[in-house]
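S.K.: whatever this is, show me its structure:
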Amino acid sequence: RVEACQELLARYSIEKNHFLFRIITGDELLFYYYQPESKRSSKQWKQAGSPPPTKLKQEKSTNKVLYSFFWNYKGIILKEPVPVGYDNNEDI
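M.R.: A predicted model of the protein is given here:
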């Protein structure tokens, strides 16, 4: 990591902002098909002395999809679902 950072700093000292504008970075994010309401957002007013409304325990959906996002200084340039069972460390 230190070597990579030193190389990036060296290139920046030569190319200045032109170098920064060419950087692309990425991340992955897991999306569930169904997100239950949070306790806070599902609160309701009740009359004084009346029992609170019955709420069932809600769990996150078991169906989910993993997305890879890549962006540069202008914003997102690619968003792509990751195939099920894909291991991104496989090729390293």
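
S.K.: only C-alpha atoms for contact and neighbour calcs from this point on.
M.R.: OK.

S.K.: tell me where this protein has helices.
M.R.: 2-15, 17-20 (DSSP state H).

S.K.: what residue lies at the spatial centre of this structure?
M.R.: For the chain, the residue nearest the mean C-alpha position is Leu29 (3.5 Å; C-alpha atoms, centre = their mean).

S.K.: pull the number of nearby residues for the residue nearest to that residue when sequence neighbours are not counted.
M.R.: Leaving aside its sequence neighbours, Leu29 sits nearest to Tyr67 (C-alpha to C-alpha, 6 or more residues apart in numbering; 5.4 Å). Tyr67: 15 surrounding residues under other C-alpha atoms under 10 Å.

S.K.: likewise for Lys46?
M.R.: Lys46: 10 neighbours (other C-alpha under 10 Å).

S.K.: count the residues that sit near the closest residue in space to it that isn't next to it in sequence.
M.R.: Leaving aside its sequence neighbours, Lys46 sits nearest to Pro52 (C-alpha to C-alpha, 6+ apart; 6.7 Å). Other residues near Pro52 number 12, with proximity taken as other C-alpha under 10 Å.
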